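Enquirer: Here is a sequence with its predicted model. Questions after.
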Amino acid sequence: MENLNYQDEKLSFLIEWSKLGQTWGFSPAESTIHGYLLLQRVPLTTDDLMERLSFSRGKTSEALKVLTNFGLVERVKLFGERKKYFIAERNVFKIFKCIVTFRRDIAIRPMYKHLISLHHRLGQEEIPRDEQQFIKMTKEMQNFGAKTEKIIQVFLEAEESEFLKLFLKLV
């Protein structure tokens, strides 16, 4: 059996995690920083991340702000230190919940709110015959959005064991 080069494997993981994070809607810096923090055994400062990843202070700070706001990264205080340190959430279920929240907030919820607003503006107006298909389609999208919001909320409120039991019943 060949010996693994763990540094190469970690780099490979970081590259793939960064790509995956971008498909979720995170910026390259956000997904790279999150992946890098996942690989660390100790909390790191903004300066540590800037130096090791060759990112600017602004890019690093902004990425940490986004990651912290969504719960993927936590700011920690080390005794006797004035600098801010950061660690990544490592619980996979919690990471998944953070990602679902992020996707909901940047993709699903804005469109759902737009559809609600659209139908509110239309009110009880007489809909021209050639626009009825548009209204029907957007109403179906709004209804689907409402159901999606409910499903996501149930998931986000669930504990890991409850979710897994429910999911395994479906499989």
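Expert: Structure received.
Enquirer: okay, CA-based contacts and neighbour counts for the rest of this
Expert: Will do.
Enquirer: Could you report the neighbour count for Q40?
Expert: 11 (other C-alpha atoms under 10 Å).
Enquirer: which residues does it contact?
Expert: Neighbouring residues of Q40 by C-alpha atoms under 8 Å, 6 or more residues apart in numbering: I87.
Enquirer: Is it part of a helix or strand, or is it coil?
Expert: coil (DSSP: H, G, I helix; E, B strand; the rest coil).
Enquirer: What about A88, how many residues nearby?
Expert: A88: 25 neighbours (other C-alpha under 10 Å).
Enquirer: for the chain, which spans come out with low pLDDT?
Expert: Applying pLDDT under 70 to the chain flags residues 1, 164, 167-168, 171.
Enquirer: How far off centre is the lengthiest helix in it?
Expert: Criterion DSSP state H: the longest helix present in the chain is helix 132-157. In this view, helix 132-157 has its centroid 20 Å away from the chain centroid, taken as C-alpha atoms, centre = their mean, to the nearest Å.
Enquirer: Please point out which parts of the host helix or strand of P110 sit buried.
Expert: Using DSSP states H and E, P110 sits in helix 109-122. Buried residues in helix 109-122, counted by 16 or more other C-alpha atoms under 10 Å: 109, 111-112, 115-116.
Enquirer: what's the nearest residue to I152 if we skip its chain neighbours?
Expert: Once flanking residues are discounted, I152 sits nearest to V100: 7.6 Å by C-alpha to C-alpha, 6 or more residues apart in numbering.
Enquirer: can I assume D8 sits in a helix?
Expert: Yes. The assignment for D8 (three-state DSSP) places it in a helix.
Enquirer: Could you report the neighbour count for it?
Expert: Count around D8 with other C-alpha under 10 Å applied: 10.
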